[in-house]
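Colleague: Next input, structure requested:
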Amino acid sequence: MRLAAVLVVVVFATSATAQSYDLFYVMPGRTGTKGLEAGISTDDAGSVADVGIVNLAAKYSVSDQFEIGTLIESGLLHDDLSSLSTVTFGVKYGIGEATALSAAFLAPASDADDPALFLGVMKSVTSGDMMFNSWLQLGFLDGNAGAGAMDVDLLVEPTKTFGDKLTGYLDVLVHTNTDDIGDFLAIDLGPNADIMINDSSVVNVGLRLGVAGDAKADDLGISATFIMGL
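Modeller: Numbering: from 1, shown residues only. You can find the predicted model right below:
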């Protein structure tokens, strides 16, 4: 499983509305764990300099169950976004070794005209030599789905370790909106892999591509990630 505290460059979270302060699926770390995430993401491999997003994040485990974090998204490489695009605050609370609750608040600032609130539940299940991670999140308030509507986001992530150095993930990402499920439906795939460098460093490489739905990813996304534990 990915390190609890990370330094990240990832294509997974590319929307202007962040759903979490954490760019990867990671359960709350042990007490005192600190994490930093910094990197560039894009949903179009051919236009990194035009639609790239710079992510700067930090997180801290107050206890073995409770983690807090902050994510700043910058549009320095994005033609349509501000230098300070969005700011998201969040928490995770573990209610077992393999289950956690999550909450994130998108502040109404810069490119986010209105606030957004995301509430979620994380669950990991082990079967044989594989692990299956899942993360369901519901989005509320005008900065997310709009008045009277609710965003629904689901991550399903089969993962398998190969030897001591390689872990593979197949992210299945489903998004829709209760205002119009069909028009907002997006099903994307995000295959990626962690390559272990040492006990505290990992390199992640991956892709993101649209599979089904009117709102699926139109272009191929790519990622190159450096992950460091603190």
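Colleague: which residues sit against the helix or strand of the chain with the lowest mean pLDDT?
Modeller: Ranked by mean pLDDT, DSSP states H and E, the helix or strand of the chain with the weakest confidence is helix 48-51, at a mean of 76. With contact meaning CB atoms under 8 Å, 6 or more residues apart in numbering, helix 48-51 is reached by 40, 42-44, 77-80. Any C-beta I mention is one placed from the backbone N, CA and C, and that applies to glycine too.
Colleague: chain center to that helix: distance?
Modeller: For helix 48-51, the separation from the chain centroid amounts to 19 Å (computed by CA atoms, centre = their mean, to the nearest Å).
Colleague: Downstream of that helix, the next helix or strand is which one?
Modeller: strand 52-61 (DSSP states H and E).
Colleague: Buried ones in the following helix or strand past that following strand, by neighbour count?
Modeller: From strand 52-61 onward toward the C-terminus, using DSSP H and E, the following helix or strand is strand 66-78. Going by neighbour count (16 or more other CB atoms under 10 Å), the buried part of strand 66-78 is 67, 69-75, 77-78.
Colleague: and strand 66-78, what does it pack onto?
Modeller: On a contact count with 3 or more CB pairs under 8 Å, 6 or more residues apart in numbering; DSSP states H and E, strand 66-78 meets strand 34-41, helix 48-51, strand 52-61, strand 86-96.
Colleague: In this protein, what residue spans correspond to strands?
Modeller: For the chain, applying DSSP state E gives strands covering 34-41, 52-61, 66-78, 86-96, 99-106, 116-127, 130-140, 151-162, 166-177, 186-198, 201-212, 221-228.
Colleague: Pipe the contacts of helix 48-51 into TSV and attach distance to Ala116 and pLDDT per row.
Modeller: Output for the contacts of helix 48-51, formatted as TSV (distance: CB to CB, whole Å; pLDDT from 0 to 100):
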residue	distance to Ala116	pLDDT
Ile40	23	80
Thr42	22	85
Asp43	19	83
Asp44	24	84
Leu77	23	84
His78	19	84
Asp79	23	85
Asp80	19	86
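Colleague: Now list the buried members of these.
Modeller: 40, 42-44, 77-78.
Colleague: And Thr126, how close does it get to Thr167?
Modeller: 14 Å (CB to CB, to the nearest Å).
Colleague: ditto for Asp113
Modeller: 39 Å.
Colleague: Which of those two has more residues huddled nearby?
Modeller: Thr167 (20 against 9; other CB atoms under 10 Å).
Colleague: thinking the more buried one is in contact with Val203, fair?
Modeller: No. Using CB atoms under 8 Å, Thr167 is not in contact with Val203; the gap is 11.3 Å.
Colleague: and for those two, which residues touch both?
Modeller: Common neighbours of Thr167 and Val203, counting by CB under 8 Å, 6+ apart, are Asp194.
Colleague: Nearest residue to Ser47 in space, please, no chain neighbours.
Modeller: Asp219 (8.0 Å; CB to CB, 6 or more residues apart in numbering).
Colleague: Might you report the residue contacts of that neighbour?
Modeller: Contacts of Asp219 (CB under 8 Å, 6+ apart): 43-47.
Colleague: Return the member of these nearest to Phe89.
Modeller: Asp43 (23.8 Å; CB to CB).
Colleague: What distance do you get for the closest one to Gly213?
Modeller: Counting by CB to CB - Asp43 and Gly213 are separated by 15 Å.
Colleague: same thing with Met131?
Modeller: From Met131 to Gly213 the distance is 26 Å (CB to CB).
Colleague: Kindly report the same for Ala49.
Modeller: Relative to Gly213, Ala49 is positioned 28 Å away (CB to CB).
Colleague: Could you check which of the two has the larger neighbour count?
Modeller: Counted by other CB under 10 Å, Ala49 and Gly213 do not tie: Gly213 has more neighbours, with 18 against 10.
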